[in-house]
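> Here is my input, please return the structure:
(one chain, ligands or ions: 1)
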Amino acid sequence: VPSTARYDGFADWYEQWSRDWPSLIAAQDGLLGPLAGRRVLDVACGQGRLSRYLAGRGAVVVGLDLSEAMLDKARRAGRGEVRYVRGDVTRPDDWWDGEPFDGCACELAFIDIDDLYGALAGVAATLRPGAWFVASILHPCFPGNETGLSSWPPDEGYEAEGWWTSPGHDPDGARIRVGGNHWKISTYLIGLADAGLQLERLVEPSATVPTFLLWRCRRG
Ligand SMILES: C[S@@+](CC[C@H](N)C(=O)[O-])C[C@H]1O[C@@H](n2cnc3c(N)ncnc32)[C@H](O)[C@@H]1O
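Below is the predicted model:
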């Protein structure tokens, strides 16, 4: 399934909705690799929250997103400290200048990326050997809660992988607007391994039911 810039039509809404979210990645001590002076890619950067955080810690940041409307929000919210690039993470030949990154971060975006294996291969292709790759995702084993947040289609189940949307979903949330992609945890782990991204750490922030999952990998 080709990725389309679904967020182009919802950039104003998403910027407001996510404005006060703390970064899950930044909240985890020691999950990110070295930043000062390092070239770091923020994949699916959206409105640039994490990009600005990384740049504020001295990284030389490229923020990549498929949606020009989201990148416009990012550029307006910053002070030119991040280079924002429009592109599809699965197609690095279209946007990457060929200079390898020392690290890559991706905050809460795999649910919006249609080609999981292509995205992981794209990330790996742009990293130097030994570089780190950190991501936060909605936990693939999360069945949803009263606000309608869920990894898989609510009327189906954990086995239902791929893109889904649900017209009866939380009217205040993202999935009723842009849909979502669900992948089993085994699919994520196989995808990372196939891309040559070696798992170093998995984090499940404390919750009664699993809600978020973070990983840190190293490019072999
Ligand atoms: C939920 S937003 C996350 C934005 C940001 N990382 C944050 O923490 O708020 C998901 C983003 O993924 C982007 N996206 C989806 N598919 C993509 C792709 N193939 N390549 C690059 N960005 C993509 C969307 O345009 C959207 O801005």
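
> which outside residues touch the helix or strand of the chain at the bottom of the mean pLDDT ranking?
When each helix and strand of the chain is scored by mean pLDDT, DSSP states H and E, helix 175-178 comes last, with a mean of 82. Residues from elsewhere that reach helix 175-178 (CB atoms under 8 Å, 6 or more residues apart in numbering): 6-7, 9-10, 13, 112, 148-150, 164-167, 169-170. All C-beta atoms are positioned from the backbone trio N, CA, C, and that covers glycine.

> Within range of the ligand, give me the residues from this structure.
Proximity of the chain to the ligand (CB under 6 Å from any ligand atom) is limited to residues 3, 5, 7, 18, 44-46, 49-50, 64-67, 70, 88-90, 107-109, 112-113.

> Filter the residues you listed down to the buried ones, PyMOL style.
Burial among these is assessed by 16 or more other CB atoms under 10 Å; the matching PyMOL selection reads:
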select buried, resi 3+5+7+44+45+46+49+50+64+65+66+67+70+88+89+90+107+108+109+112+113
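
> So for stretch 116-134, what gets flagged as buried?
116, 118-127, 131-134.

> ditto for stretch 16-35
Those would be 23-26, 28, 31-33, 35, for stretch 16-35 by 16+ other CB under 10 Å.

> Tell me which of those residues has the lowest pLDDT.
Among the buried residues of stretch 16-35, residue 33 has the lowest pLDDT, at 89.

> Quick check: closest non-adjacent residue to it.
Nearest residue to residue 33, sequence neighbours excluded (CB to CB, 6 or more residues apart in numbering): residue 132, at 3.6 Å.

> Dump the C-alpha coordinates for the helix or strand containing that neighbour into PDB.
Element membership for residue 132, per DSSP states H and E: strand 127-138. Output of strand 127-138 as PDB, limited to C-alpha atoms (Å, rounded to 0.1, in the frame of the first residue of the first chain):
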ATOM      1  CA  LEU A 127      22.400   5.100   9.200                       C
ATOM      2  CA  ARG A 128      26.100   4.600   9.500                       C
ATOM      3  CA  PRO A 129      27.100   1.200  10.900                       C
ATOM      4  CA  GLY A 130      26.900   1.400  14.700                       C
ATOM      5  CA  ALA A 131      24.400   4.200  14.600                       C
ATOM      6  CA  TRP A 132      21.400   4.100  17.000                       C
ATOM      7  CA  PHE A 133      17.700   4.000  16.200                       C
ATOM      8  CA  VAL A 134      15.100   4.800  18.800                       C
ATOM      9  CA  ALA A 135      11.300   4.700  18.400                       C
ATOM     10  CA  SER A 136       8.100   4.900  20.400                       C
ATOM     11  CA  ILE A 137       5.000   3.200  19.200                       C
ATOM     12  CA  LEU A 138       1.500   2.600  20.500                       C
END
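
> next structured bit after that strand?
strand 162-164.
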